[in-house]
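S.K.: make a model of this:
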Amino acid sequence: MAKFNLFTEESNRSPLSRLWRKFKANHPALVGLWLFIALTLLAVLAPLLAPYGIDQQHADALLLPPSWHDEGNVNFILGTDDLGRDVLSRLMRGATYTFGLSIVAALLTTLLGVVLGTLAGCSQGFKSSLLNHLLDITLAIPSLLLAIIIIAILGPGLFNTVWAIIFALLPQYIHSIRNLVVEELNKDYISAFRLDGANRWQLIVRGVLPNIYEHIVVIFTLALSTAILDIAALGFLKLGAQPPTTEWGAMLAENLGLIYLAPWTVGLPGALLFLSVLATNLVGDGLRDALQARKAD
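M.R.: Below is the predicted model:
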């Protein structure tokens with residue numbers, strides 16, 4: 001005879017387990033996750049997997065089309081550019097700069113944004129009002145324009161580009177984290193925790209942060225997609241990565257004159273940029289939908 005069970009299996013799952021169960025039910029988001037993992041591995045392992053050096057030239061193989069073309073060569077799967085350099089090797093190494101550095105920039109922004117946003121959420125009175133007005137002024141400036149202004153101050157270069165993107169994304173991150181912290185601090189369980197004798201540090205570490213970490217992950221994916229586009233845009237404008245760095249945006253600018261003669265040298269970096277942003281946005285949308293579905297249960 002079956003026994004009555006008060007607690008279902010679903011209700012006994014951990015929050016992270018329930019989030020994953022909701023997330024994997026979204027097939028486009030799951031595809032985006034696998035693509036995101038593949039791009040991350042490529043960014044890390046590209047120096048080991050690339051068949052040729054990024055500046056290795058082949059004088060007898062100039063502007064070869066991809067291997068599936070009638071005039072292609074199987075030794076150069078995605079063809080070569082006007083200097084005889086292997087496009088596949090350059091694209092693989094470019095993943096390290098465009099996608100890999102975007103992850104680094106988004107992680108550093110997350111770290112700084114969580115700390116500063118939490119402090120902003122805990123502040124009150126004049127300090128809180130002043131910070132809100134400063135954030136509102138900064139948020140009125142598009143992140144790319146703000147990054148260009150910072151690059152104009154720091155000077156062009158890939159390293160300066162990363163810092164420019166961090167500073168450009170930080171105000172929006174602080175604003176989002178501050179709103180989450182303020183919302184949590186006004187809930188009843190925080191009031192009960194405060195009446196129980198908890199200090200401010202305990203309220204944040206043991207009360208607020210464990211309840212907003214999922215939202216932080218969603219904000220991270222949004223910041224990552226913006227960082228990918230900004231790094232590529234700055235490289236395309238020749239304010240970011242400088243030749244011979246194989247950043248995807250810089251590759252687009254370098255090969256723009258070959259768009260009619262060798263369209264694969266422009267189309268392939270653009271396609272990778274599209275796929276990387278698409279994968280990041282699919283993961284972010286899947287996480288947001290999973291969070292909303294879990295709260296609705």
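S.K.: pLDDT weak spots in the chain?
M.R.: Along the chain, the parts satisfying pLDDT under 70 run over 1-15, 125-129, 131, 133, 136, 294-297.
S.K.: where exactly do the helices run in it?
M.R.: Here the chain has its helices, by DSSP state H, at 15-24, 27-49, 87-95, 101-122, 126-139, 143-154, 158-185, 188-195, 200-202, 209-236, 248-254, 264-296.
S.K.: mind putting the ones you listed in CSV, mean neighbour count included?
M.R.: Yep, even glycine has a C-beta here, placed from its N, CA and C like the rest. Below are the helices of the chain laid out as CSV (neighbours: other C-beta atoms under 10 Å):
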stretch, mean neighbour count
helix 15-24, 15
helix 27-49, 16
helix 87-95, 24
helix 101-122, 20
helix 126-139, 13
helix 143-154, 17
helix 158-185, 21
helix 188-195, 12
helix 200-202, 10
helix 209-236, 22
helix 248-254, 25
helix 264-296, 19
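S.K.: can you tell which of the ones you listed is closest to residue 78?
M.R.: Of all these, the one in closest proximity to residue 78, counting by C-beta to C-beta, is helix 87-95 (4.2 Å).
S.K.: which helices and strands does the closest one pack with?
M.R.: Where contact means 3 or more C-beta pairs under 8 Å, 6 or more residues apart in numbering; DSSP states H and E, helix 87-95 is packed against helix 27-49, helix 248-254, helix 264-296.
S.K.: that helix: how far from the chain's middle?
M.R.: Remark: helix 87-95 is offset 19 Å from the chain centroid, using C-alpha atoms, centre = their mean, to the nearest Å.
S.K.: right, and residue 173 touches residue 115 too?
M.R.: No - here residue 173 does not reach residue 115: they are 10.4 Å apart, not a contact under C-beta atoms under 8 Å.
S.K.: if we can go back for a sec, mind checking which of the helices of the chain is nearest residue 61?
M.R.: Each of these has some distance to residue 61 by C-beta to C-beta; the shortest is helix 87-95, at 11.0 Å.
S.K.: residues touching that closest one, excluding its own?
M.R.: With C-beta atoms under 8 Å, 6 or more residues apart in numbering as the test, helix 87-95 has contacts from 39, 42-43, 46-47, 49-54, 56, 76-81, 246-248, 251, 264-265, 268-269, 272.
S.K.: verify the stated contact: residue 181 with residue 122.
M.R.: Yes - look at residue 181 against residue 122 with C-beta under 8 Å: they come within range, at 6.9 Å.
S.K.: can you list residues touching both of the two?
M.R.: Here residue 181 and residue 122 have residue 204 as joint contacts, going by C-beta under 8 Å, 6+ apart.
S.K.: coming back round to it: between the helices and strands packed on helix 87-95, which one is nearest to residue 165?
M.R.: Residue 165 lies closest, by C-beta to C-beta, to one member of the helices and strands packed on helix 87-95: helix 248-254, at 12.3 Å.
S.K.: show me what that closest one is packed against.
M.R.: helix 87-95, helix 209-236, helix 264-296.
S.K.: now distance to residue 101 too, for the ones you listed, in CSV please.
M.R.: Shown next, in CSV, are the helices and strands packed on helix 248-254 (distance: least, C-beta to C-beta, whole Å):
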stretch, distance to residue 101
helix 87-95, 10
helix 209-236, 6
helix 264-296, 12
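S.K.: tell me how far residue 38 lies from residue 108.
M.R.: Using C-beta to C-beta, to the nearest Å, residue 38 is found at 23 Å from residue 108.
S.K.: ok, now residue 42?
M.R.: For residue 42, the distance to residue 108 equals 21 Å [C-beta to C-beta].
S.K.: which ones are touching residue 219?
M.R.: Residue 219 makes contact with 110, 113, 173, 176, 177, according to C-beta under 8 Å, 6+ apart.
S.K.: surely the first one meets residue 223?
M.R.: Yes - the pair residue 110 / residue 223 is scored as a contact, 7.1 Å apart, by C-beta under 8 Å.
S.K.: between those two, what contacts are shared?
M.R.: The contact sets of residue 110 and residue 223 overlap at residue 173 (C-beta under 8 Å, 6+ apart).
S.K.: which residues does residue 24 contact?
M.R.: The neighbourhood of residue 24, defined by C-beta under 8 Å, 6+ apart, consists of residue 30.
S.K.: thinking again about what came up before, quick check: which of the helices and strands packed on helix 248-254 is nearest to residue 242?
M.R.: Closest approach to residue 242 among the helices and strands packed on helix 248-254 (C-beta to C-beta): helix 209-236, 8.6 Å.
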